[in-house]
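Q: Compute the structure for the input listed below.
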Amino acid sequence: MLPKVQATASHQYLVAGSYTVRLCVTDNDGGVGCNDLALEVLSIAAAMENFEEYLTELDLPAGTQKSLQTKLDGALESLEAGNDNVGINRLGAFINAIEAQAGKKVT
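A: Take a look at the predicted model:
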């Protein structure tokens, strides 16, 4: 049985665009295996557009739709003003609100 190995890495992409992430491992007898992952990093505006389109497609009751849209608008407003921490927290609140609807109004 082969031993399990876990590796963790992180990188913050500061510019929107297409990237390829490559992971290579070398075993104890010199064998190498690599795998590539295509990654698309969106601008804040593009990501928010995607969220807004998703929200529209959900066909939610008006009150739920308005509440979620308000959270999303607040996040975008903060991010555009350069208040990244506030924007990220507001975006987290939006995501939590969507997750709270799972199985109810959101499949």
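Q: I'd say L60 and L68 touch.
A: Yes - assessed by C-beta atoms under 8 Å, L60 is found in contact with L68 at 7.2 Å. Where you see a C-beta, it was placed from the backbone N, CA and C, and this is true even at glycine.
Q: neighbour-wise, which of these two wins?
A: Neighbour tally, L60 and L68, criterion other C-beta atoms under 10 Å: the higher count belongs to L68, 23 against 19.
Q: isn't that one right next to Y54, touching?
A: No - using C-beta under 8 Å, L68 is not in contact with Y54; the gap is 9.9 Å.
Q: Where does pLDDT dip in the chain?
A: Per-residue confidence for the chain (pLDDT under 70) gives these ranges: 1-2, 105-107.
Q: all helices of it, in order?
A: For the chain, the helices defined by DSSP state H occupy 44-57, 62-80, 84-100.
Q: Same list (the ones you listed) but as CSV, adding distance to C34.
A: Formatted as CSV, those follow (distance: least, C-beta to C-beta, whole Å):
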stretch, distance to C34
helix 44-57, 29
helix 62-80, 35
helix 84-100, 33
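Q: Of these, which is nearest Q12?
A: Among the helices of the chain, helix 84-100 comes nearest to Q12, with 11.8 Å by C-beta to C-beta.
Q: ok, the residue of the chain positioned farthest from its centre to L72 distance?
A: In the chain, counting by C-alpha atoms, centre = their mean, D29 sits farthest out from the average C-alpha position, at 38.0 Å. Remark: distance between D29 and L72 (C-beta to C-beta, to the nearest Å) = 52 Å.
Q: now swap in I44 and tell me
A: In terms of C-beta to C-beta, I44 sits 12 Å off from L72.
Q: These two: which is more packed in?
A: Applying other C-beta under 10 Å to I44 and L72 shows that L72 carries more neighbours, namely 22 against 15.
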